[in-house]
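In: Output the structure for:
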Amino acid sequence: MKNTLEAAEDLIKRHEAFITTMDDEKINVMLTFANRLMEDGHYAADKIHKKAENINERRNMNRQRADKQLDRLRDQLLLQQFLQECDELRDWLHDKMADAEDETYRDAKNLHSKYLCHQAFEREIAANKDRMMRLQKAGKEMMAEKPETREQLEPILANLSTQCDQLETTTTEKADKLFENKRAVLYEQSCDDIDCWVTQQESQIIQAESAKDLTTVNLLMQNQNGIRPAPGYPSQPDHTEKETMWRLLGADKVGITLTESLAMQPAALVLGLYFASARSSYFSTGKVCKDQVEDYASRKAMDVRTVEKWLGPCLAYDVE
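Out: Numbering: from 1, shown residues only. Prediction:
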């Protein structure tokens, strides 16, 4: 048997055509004539019976052999179809591995577009994982039904599984590298933006312009506008956020502490979030309901009673 899908299909067509040449009608006519001769008491009835029986047995045996051969050819066709699917998946994995190993991400140009493209690439890899799983399942079923195929199929399936795992690993590693490079670029851009903003602020602070009248004073004051909300303000009523700020700043290292009531020591300290923008303004969070407090407590990993204690003035309900 030729080991290609096209050859297997051709062999089946040829064998089916051969089966049609096995003229049962011709043999049936001969058997009917033999039976008539025996019924008429032909002098060679015994010889005719043996001959007819022999031909009929050979006809049945040839039919069985032809059917078995057709079954083998169909099994071979299924095998070749499976092997072709394996070849197609192997080629696809090879092509995708080449894409995954591409290192153009090292070039910072169009890094965001490359990151988005790789996310689409990851989705494609994930979508085709089912293809591998279906092929593995079909291969195991074929080996269980046709043990003679195990020697051929096991190494093929093992190799495909290895390729698939390598592709997933390489794809994940590339995604991590792209993310890190993208984050580094964003950090540099943020630094450049902040540097530009600080330069603008410095130029406004050191400008030599002085106020000559009330109108000029108001215009200059607008350029210096901003807000400094702090824990305890209506826009930030939760004093426990000081603890978060303390950890981030490492304030204890320089001798700055908080009391049990979260007051700052030394008392002359000033703490806040600074927003240097003329468009910034103070606001109030308003009253909060029970479900909001419970959600807030869950996100802060605190018990509800403690949160209610610190948000007392903002509660829209009475604490039991």
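In: Report the residue spans of the stretch 101-250 of the chain with pLDDT below the cut-off.
Out: When residues are selected by pLDDT under 70, those of the stretch 101-250 of the chain lie in 104-110, 184-187, 201-225.
In: could you pull out the helices for it?
Out: Assigned by DSSP state H, counting those that start in this stretch, the stretch 101-250 of the chain shows helices spanning 111-127, 129-145, 150-205, 214-223, 241-249.
In: what's the closest of these to residue 232?
Out: helix 241-249 (8.6 Å; CB to CB). Quick note: C-beta positions are derived from backbone N, CA and C, even for glycine.
In: Which strands or helices does the closest one pack on?
Out: Here helix 241-249 touches strand 257-258, going by 3 or more CB pairs under 8 Å, 6 or more residues apart in numbering; DSSP states H and E.
In: What strands flank the strand it packs on, and is each parallel or antiparallel?
Out: Sheet pairing here is set by DSSP bridges, and for strand 257-258 it gives strand 264-265 (antiparallel).
In: quick one: which of the helices of the stretch 101-250 of the chain is nearest residue 68?
Out: For the helices of the stretch 101-250 of the chain, proximity to residue 68 was assessed by CB to CB; helix 129-145 is nearest, at 16.1 Å.
In: quick one: buried residues of the closest one?
Out: Neighbour counts over helix 129-145 (16 or more other CB atoms under 10 Å) mark 132, 135, 138, 139, 142, 143 as buried.
In: again with stretch 298-307
Out: Buried residues in stretch 298-307, defined by neighbour count with 16+ other CB under 10 Å: residue 307.
In: Same check on stretch 72-81?
Out: Buried positions in stretch 72-81, judged by neighbour count with 16+ other CB under 10 Å: 73, 75, 76, 77, 78, 79, 80.
In: before we move on, what about stretch 230-241?
Out: Across stretch 230-241, burial judged by 16+ other CB under 10 Å covers 230, 231, 232, 233, 237, 238, 239, 241.
In: Output it in CSV with nothing but the alpha carbons.
Out: C-alpha atoms of stretch 230-241 as CSV (Å, rounded to 0.1, in the frame of the first residue of the first chain):
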residue,chain,number,x,y,z
ALA,A,230,-5.1,64.9,53.0
PRO,A,231,-6.6,62.1,55.1
GLY,A,232,-9.4,63.5,57.0
TYR,A,233,-10.5,65.9,54.3
PRO,A,234,-14.1,65.6,53.0
SER,A,235,-12.7,64.2,49.7
GLN,A,236,-10.5,61.7,51.7
PRO,A,237,-12.3,61.0,55.0
ASP,A,238,-10.5,57.8,55.9
HIS,A,239,-7.5,58.5,58.2
THR,A,240,-6.3,54.9,57.9
GLU,A,241,-4.9,55.8,54.5
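In: what sits against the closest residue to residue 252 other than its chain neighbours?
Out: By the measure of CB to CB, 6 or more residues apart in numbering, the closest residue to residue 252 outside its immediate chain neighbours is residue 246, 6.9 Å from it. Residue 246 makes contact with 252, 256, 258 under the criterion CB atoms under 8 Å, 6 or more residues apart in numbering.
In: Would you quantify the distance from residue 120 to residue 65?
Out: Applying CB to CB, to the nearest Å, the value for residue 120 to residue 65 is 55 Å.
In: got a list of contacts for stretch 291-311?
Out: 237, 238, 239, 240, 288, 315, 319.
In: tell me the pLDDT at the residue lying closest to the fourth one once chain neighbours are set aside?
Out: Spelled out, it's residue 240. Nearest residue to residue 240 in three dimensions, chain neighbours excluded: residue 310, at 5.6 Å (CB to CB, 6+ apart). pLDDT for residue 310: 89.
In: again with residue 260
Out: As predicted, residue 260 sits at a pLDDT of 85.
In: A strand includes it, no?
Out: No: with DSSP: H, G, I helix; E, B strand; the rest coil as the criterion, residue 260 is located in coil rather than a strand.
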